[in-house]
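K.L.:
Here's my sequence, what's the structure:
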Amino acid sequence: MAEGAGRACQFGMIYAAQRRLGPVAYGEFSVLLGIAFLASVCADFGIQLTTTRRLSAVREAVAETAGNALWMRGALALAVALAVLGVGSIRAGVDIVALAGLVAGLMLSSLAETCGYILRGINGVGRETGMLLALRLAT
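P.N.:
Numbers count the residues shown, from 1 in each chain. Here you go, the predicted structure:
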């Protein structure tokens, strides 16, 4: 349900952007959105799945495993965001403030998804679903 709501909201945002921005500005928006999406994928590096597996296998180290995963995920997100903003700042015509907003939104979304994977690892699926639904609607 959370994934479906998120996809519907994303479709609505893209449709509204197409209607409001026009062809040229929407093309730039699409490039920025693509850059931000790739950045959020690059900042994962498999941490989410590895964390879920470890949490389900080693029950006595839940806090340590979850904490390490969040710190590592946050550090990678920051490094990738800075790299994307650096590359974006040298590209002609890129609105760096818009790019920063898109990158920040996707990085925060990815961090919340990491929290969802942590909840899956400790069998907190009900809490995960509610959190992801709220996150998708907010994003």
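K.L.:
Could you use CA atoms for every contact and neighbour count after this?
P.N.:
Fine.
K.L.:
ok, and the closest non-adjacent residue to the spatially most central residue of the chain?
P.N.:
Centroid-nearest residue in the chain: S110, 2.8 Å away (criterion: CA atoms, centre = their mean). Excluding the flanking residues, the one nearest S110 by CA to CA, 6 or more residues apart in numbering is S40, at 6.5 Å.
K.L.:
List the contacts of the one you found.
P.N.:
Contact analysis of S40 by CA atoms under 8 Å, 6 or more residues apart in numbering lists 77, 80, 103, 106-107, 110.
K.L.:
Would you mind measuring from Y15 to L21?
P.N.:
10 Å (CA to CA, to the nearest Å).
K.L.:
so what sits against both of these two?
P.N.:
Overlap of the contact sets of Y15 and L21 (by CA under 8 Å, 6+ apart) is empty.
K.L.:
how would you label the residue nearest to S110: helix, strand or coil?
P.N.:
helix (DSSP: H, G, I helix; E, B strand; the rest coil).
K.L.:
Can you check what pLDDT the model gives it?
P.N.:
At S40, the pLDDT value in this model is 71.
K.L.:
what's the distance between the helix or strand where L32 lies and the middle of its chain?
P.N.:
Assigned by DSSP states H and E, L32 belongs to helix 2-42. Its chain's C-alpha centre and that of helix 2-42 lie 13 Å apart, by CA atoms, centre = their mean, to the nearest Å.
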